[in-house]
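Visitor: no FASTA, just this:
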């Protein structure tokens with residue numbers, strides 16, 4: 001099972017910047033246990049939402065020819081919590097894309113204010129395994145992600161109109 005921590009893309013500029021939206025709801029089971037009596041989206045899942053947004057941005061920049069995985073969260077600073085009813089906006093920006101890795105930075109917005117700042121390093125796994133194959137079942141761009149990626153095409157069409 002794969003967990004998707006973004007709902008849709010609002011903006012997508014290939015190789016540069018992406019904006020994705022996550023609506024936090026009480027329908028999400030993880031909120032019932034974290035923390036009992038005060039449901040809050042775990043910070044690790046907010047980081048994962050940014051990783052998914054930025055990872056898709058990095059993967060798409062090279063036509064999804066390379067397998068992109070999160071290698072390191074260089075920095076994650078939180079200024080607020082994500083609660084049920086909140087809408088998070090992930091703003092991911094590519095700093096650099098090299099043959100073996102990519103660096104991104106991002107901001108998570110809530111109610112028009114920066115809720116978190118996150119820097120992530122991604123590995124282009126096929127370029128780092130010395131010719132060994134990385135099993136497809138471990139790869140993040142599954143059919144579920146392909147459905148979300150379709151929102152990128154819709155966004156591009158709307159921007160052209």
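Guide: Alright, I've got the coordinates. These figures come from a predicted structure and were not determined experimentally. Residues are numbered from 1 along each chain as shown.
Visitor: how about residue 88, phi and psi?
Guide: phi -100, psi 140 (degrees, to the nearest 10).
Visitor: partner residues bridging it?
Guide: Taking DSSP bridges, one obtains residue 22, residue 110 as the residues bridged to residue 88.
Visitor: contacting residues for residue 69?
Guide: Applying Cβ atoms under 8 Å, 6 or more residues apart in numbering, one finds that residue 69 lies in contact with 55, 122, 123, 125, 140. In this view, the C-beta of every residue, glycine as well, is placed from N, C-alpha and C.
Visitor: same check on residue 105?
Guide: 92, 93, 95, 117, 118, 119, 120.
Visitor: hmm, which two among the residues you listed are most spread apart?
Guide: Spatial extent of the contacts of residue 105 (Cβ to Cβ) is set by the pair 95 and 117 at 13.1 Å.
Visitor: just want to know which of these two has more residues nearby.
Guide: residue 117 (16 against 11; other Cβ atoms under 10 Å).
Visitor: from the contacts of residue 69, which ones fall inside strands?
Guide: 122, 123 (DSSP state E).
Visitor: can you list the contacts of residue 69 in JSON lines and add pLDDT, distance to residue 110 and neighbour count?
Guide: Below are the contacts of residue 69 laid out as JSON lines (pLDDT from 0 to 100; distance: Cβ to Cβ, whole Å; neighbours: other Cβ atoms under 10 Å):
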{"residue": "55", "pLDDT": "93", "distance to residue 110": "21", "neighbour count": "23"}
{"residue": "122", "pLDDT": "95", "distance to residue 110": "24", "neighbour count": "24"}
{"residue": "123", "pLDDT": "91", "distance to residue 110": "29", "neighbour count": "18"}
{"residue": "125", "pLDDT": "79", "distance to residue 110": "32", "neighbour count": "18"}
{"residue": "140", "pLDDT": "57", "distance to residue 110": "25", "neighbour count": "16"}
